[in-house]
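J.: fold the following.
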Amino acid sequence: MIKKYLCFTILISNFIQAQESIQTDRPDQTETPAIVPKNMLQIETGFNYQKENNDVSSSNLPTILIKYGVNDILEIRLITGFDNQKNKNTIQSGFPSTLIGFKTKLAEEKGLLPKTSFIAHIGLPNVASTHFKTNTIAPQFRFTMQHTLTKKVSIGYNLGVEWDGALPNPTYLYTISSG
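T.: Numbers count the residues shown, from 1 in each chain. Presented below is the predicted three-dimensional model:
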(Lines give C-alpha, C1' and ligand atoms only; values in the text may rest on other atoms or scores of the structure.)
Protein backbone atom coordinates (compact mmCIF):
# COMPACT_ATOMS: atom_id res chain seq x y z
CA MET A 1 0.00 0.00 0.00
CA ILE A 2 2.86 2.37 0.82
CA LYS A 3 4.42 1.69 -2.59
CA LYS A 4 1.16 2.63 -4.35
CA TYR A 5 0.93 6.00 -2.56
CA LEU A 6 4.61 6.74 -3.14
CA CYS A 7 4.38 5.91 -6.86
CA PHE A 8 1.23 8.03 -7.18
CA THR A 9 2.90 10.99 -5.43
CA ILE A 10 5.97 10.80 -7.69
CA LEU A 11 3.86 10.40 -10.84
CA ILE A 12 1.51 13.30 -10.05
CA SER A 13 4.40 15.60 -9.07
CA ASN A 14 5.82 15.24 -12.60
CA PHE A 15 2.61 16.72 -14.06
CA ILE A 16 2.15 19.58 -11.59
CA GLN A 17 4.38 22.62 -11.86
CA ALA A 18 4.22 25.81 -9.81
CA GLN A 19 3.76 29.03 -11.75
CA GLU A 20 5.84 30.97 -9.23
CA SER A 21 8.23 30.28 -6.38
CA ILE A 22 6.53 28.85 -3.29
CA GLN A 23 7.55 28.24 0.30
CA THR A 24 6.27 25.05 1.86
CA ASP A 25 5.54 24.00 5.44
CA ARG A 26 6.67 20.46 4.70
CA PRO A 27 8.75 18.31 5.05
CA ASP A 28 10.53 19.69 8.12
CA GLN A 29 9.13 20.71 11.50
CA THR A 30 9.76 24.44 11.05
CA GLU A 31 6.83 26.20 9.41
CA THR A 32 7.43 29.17 7.10
CA PRO A 33 5.85 32.57 7.78
CA ALA A 34 4.95 32.85 4.06
CA ILE A 35 1.22 32.99 3.20
CA VAL A 36 -0.30 31.31 0.13
CA PRO A 37 -1.24 34.08 -2.36
CA LYS A 38 -4.89 35.19 -2.54
CA ASN A 39 -7.21 32.71 -4.33
CA MET A 40 -4.41 30.13 -4.67
CA LEU A 41 -4.63 26.53 -3.48
CA GLN A 42 -1.47 24.75 -2.32
CA ILE A 43 -1.40 21.04 -1.48
CA GLU A 44 1.59 19.56 0.30
CA THR A 45 1.76 15.82 0.78
CA GLY A 46 4.26 13.21 1.84
CA PHE A 47 4.88 10.49 4.38
CA ASN A 48 6.56 9.89 7.73
CA TYR A 49 8.09 6.68 9.02
CA GLN A 50 9.41 6.12 12.53
CA LYS A 51 10.96 2.94 13.89
CA GLU A 52 11.72 2.64 17.61
CA ASN A 53 12.89 -0.98 17.45
CA ASN A 54 12.04 -4.23 15.62
CA ASP A 55 8.66 -4.45 17.37
CA VAL A 56 7.45 -0.83 17.37
CA SER A 57 7.05 1.43 14.33
CA SER A 58 4.59 3.88 12.83
CA SER A 59 3.96 5.43 9.45
CA ASN A 60 1.78 8.24 8.18
CA LEU A 61 0.97 7.80 4.50
CA PRO A 62 -0.17 10.05 3.11
CA THR A 63 0.10 13.19 5.21
CA ILE A 64 -1.79 16.02 3.54
CA LEU A 65 -1.72 19.78 4.17
CA ILE A 66 -4.16 21.85 2.11
CA LYS A 67 -3.78 25.65 2.20
CA TYR A 68 -5.95 28.31 0.53
CA GLY A 69 -5.06 32.00 0.35
CA VAL A 70 -8.05 34.07 1.51
CA ASN A 71 -6.28 37.42 1.11
CA ASP A 72 -2.77 38.89 1.41
CA ILE A 73 -2.49 38.19 5.15
CA LEU A 74 -4.61 35.06 5.75
CA GLU A 75 -4.69 31.45 4.62
CA ILE A 76 -7.00 28.67 5.81
CA ARG A 77 -5.58 25.20 6.41
CA LEU A 78 -6.64 21.55 6.62
CA ILE A 79 -4.35 18.73 7.77
CA THR A 80 -5.24 15.05 7.48
CA GLY A 81 -3.70 11.70 6.63
CA PHE A 82 -3.74 7.97 7.24
CA ASP A 83 -1.77 6.31 10.07
CA ASN A 84 -0.38 2.80 10.65
CA GLN A 85 1.02 1.78 14.03
CA LYS A 86 2.80 -1.51 14.67
CA ASN A 87 3.39 -2.78 18.20
CA LYS A 88 4.85 -6.30 18.24
CA ASN A 89 2.41 -8.37 16.14
CA THR A 90 -0.47 -5.88 16.27
CA ILE A 91 -1.04 -3.37 13.47
CA GLN A 92 -3.58 -0.57 13.84
CA SER A 93 -4.60 1.60 10.89
CA GLY A 94 -6.96 4.49 10.52
CA PHE A 95 -7.53 8.19 10.11
CA PRO A 96 -6.13 10.41 12.87
CA SER A 97 -7.86 13.60 13.98
CA THR A 98 -8.27 16.19 11.25
CA LEU A 99 -6.84 19.63 11.99
CA ILE A 100 -8.43 22.84 10.73
CA GLY A 101 -6.90 26.23 11.17
CA PHE A 102 -5.36 29.35 9.72
CA LYS A 103 -2.08 31.21 9.27
CA THR A 104 -2.00 35.01 9.39
CA LYS A 105 0.84 37.40 8.61
CA LEU A 106 1.87 39.58 11.57
CA ALA A 107 5.00 41.44 10.37
CA GLU A 108 7.37 41.77 7.44
CA GLU A 109 11.11 41.50 8.02
CA LYS A 110 12.62 44.86 8.95
CA GLY A 111 16.08 45.08 10.48
CA LEU A 112 16.20 42.84 13.55
CA LEU A 113 12.42 42.24 13.37
CA PRO A 114 11.86 38.89 11.61
CA LYS A 115 9.13 38.11 9.10
CA THR A 116 6.48 36.72 11.46
CA SER A 117 3.20 34.85 11.14
CA PHE A 118 0.86 33.09 13.56
CA ILE A 119 -0.56 29.59 12.95
CA ALA A 120 -3.47 28.12 14.91
CA HIS A 121 -5.10 24.70 14.48
CA ILE A 122 -7.85 22.80 16.24
CA GLY A 123 -7.73 19.00 16.22
CA LEU A 124 -11.33 17.87 15.80
CA PRO A 125 -12.75 15.01 17.88
CA ASN A 126 -12.41 11.73 16.00
CA VAL A 127 -15.28 9.52 17.16
CA ALA A 128 -15.52 7.49 13.93
CA SER A 129 -12.04 5.94 14.10
CA THR A 130 -11.68 2.56 15.78
CA HIS A 131 -7.99 2.87 16.68
CA PHE A 132 -7.46 6.64 16.81
CA LYS A 133 -10.61 7.70 18.64
CA THR A 134 -10.54 11.06 20.43
CA ASN A 135 -13.42 12.80 22.17
CA THR A 136 -11.74 16.14 22.79
CA ILE A 137 -10.70 19.20 20.84
CA ALA A 138 -6.92 19.56 20.66
CA PRO A 139 -5.70 23.15 20.10
CA GLN A 140 -2.24 24.10 18.91
CA PHE A 141 -0.54 27.30 17.86
CA ARG A 142 2.87 28.62 16.92
CA PHE A 143 4.64 31.79 15.93
CA THR A 144 6.70 31.36 12.76
CA MET A 145 9.67 33.64 12.18
CA GLN A 146 12.28 34.03 9.46
CA HIS A 147 15.43 36.13 9.05
CA THR A 148 17.21 36.63 5.72
CA LEU A 149 20.95 36.20 6.21
CA THR A 150 22.06 36.59 2.55
CA LYS A 151 20.29 36.59 -0.83
CA LYS A 152 20.41 32.77 -0.79
CA VAL A 153 20.37 31.88 2.92
CA SER A 154 17.71 32.34 5.57
CA ILE A 155 16.98 30.95 9.01
CA GLY A 156 13.50 30.04 10.20
CA TYR A 157 12.33 29.25 13.68
CA ASN A 158 9.06 28.56 15.49
CA LEU A 159 7.80 28.84 19.06
CA GLY A 160 4.52 27.25 20.06
CA VAL A 161 2.29 25.10 22.22
CA GLU A 162 0.29 21.93 21.45
CA TRP A 163 -2.28 20.00 23.47
CA ASP A 164 -3.33 16.50 22.51
CA GLY A 165 -6.65 16.79 24.33
CA ALA A 166 -5.86 13.88 26.68
CA LEU A 167 -2.98 15.10 28.83
CA PRO A 168 -3.62 17.95 31.29
CA ASN A 169 -0.42 19.83 30.37
CA PRO A 170 0.54 21.23 26.98
CA THR A 171 3.71 20.43 25.05
CA TYR A 172 5.88 23.46 24.36
CA LEU A 173 7.83 23.43 21.14
CA TYR A 174 10.60 25.26 19.38
CA THR A 175 12.15 24.48 16.00
CA ILE A 176 14.93 25.97 13.89
CA SER A 177 15.86 25.35 10.27
CA SER A 178 18.13 26.89 7.66
CA GLY A 179 16.90 27.66 4.18
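J.: contacting residues around stretch 139-157?
T.: Outside of stretch 139-157, the residues within contact range by CB atoms under 8 Å, 6 or more residues apart in numbering are 30-33, 99, 103, 106, 109, 114-123, 158-163, 173-179. To be clear about C-beta, it is placed using only N, CA and C from the backbone, and glycine gets the same treatment.
J.: list the buried ones in it?
T.: Buried residues in stretch 139-157, defined by neighbour count with 16 or more other CB atoms under 10 Å: Pro139, Gln140, Arg142, Phe143, Thr144, Met145, Gln146, Ser154, Gly156, Tyr157.
J.: list just the nearest of those residues to Gln92.
T.: Of all the buried residues of stretch 139-157, Gln92 sits closest to Gln140, with 23.1 Å by CB to CB.
J.: so that closest one bridges to which residues?
T.: In this entry, Gln140 is beta-bridged to His121, Glu162, by DSSP bridges.
J.: picking that back up, how about the buried residues of stretch 139-157, which pair is most distant?
T.: The most distant members of the buried residues of stretch 139-157, if one measures by CB to CB, are Pro139 and Ser154, lying 28.7 Å apart.
J.: what is the helix or strand hosting Thr116 packed up against?
T.: If you go by DSSP states H and E, Thr116 is part of strand 115-123. Other elements packing on strand 115-123 under the criterion 3 or more CB pairs under 8 Å, 6 or more residues apart in numbering; DSSP states H and E are strand 74-87, strand 99-107, strand 138-148.
J.: contacts for the second one, please.
T.: Looking back up the chat, that one is strand 99-107. 31, 33, 35, 67, 72-80, 113-124, 140, 143-144.
J.: note down every partner strand of that strand and its orientation.
T.: Strand 99-107 has these strand partners (DSSP bridges): strand 74-87 (antiparallel), strand 115-123 (antiparallel).
J.: list the contacts of Lys38.
T.: Going by CB under 8 Å, 6+ apart, Lys38 touches Gly69, Val70, Asn71, Asp72.
J.: please name the nearest non-neighbouring residue to the second one.
T.: Read that as Val70. Ile76 (6.0 Å; CB to CB, 6 or more residues apart in numbering).
J.: now swap in the first one and tell me
T.: Once its chain neighbours are removed from consideration, Gly69 has its nearest residue in Val36; the separation is 3.8 Å (CB to CB, 6+ apart).
J.: just the last one next, same as before
T.: Nearest non-adjacent residue to Asp72, counting by CB to CB, 6+ apart: Lys38, 6.0 Å away.
J.: pLDDT wise, what is Asn53 at?
T.: We have a pLDDT of 90 for Asn53.
J.: do Leu11 as well
T.: 50.
J.: now swap in the one 4 residues further on and tell me
T.: In this prediction, Phe15 carries a pLDDT score of 49.
J.: start at 12 instead
T.: Will do, 12 is the new start, and the previous item becomes Phe26.
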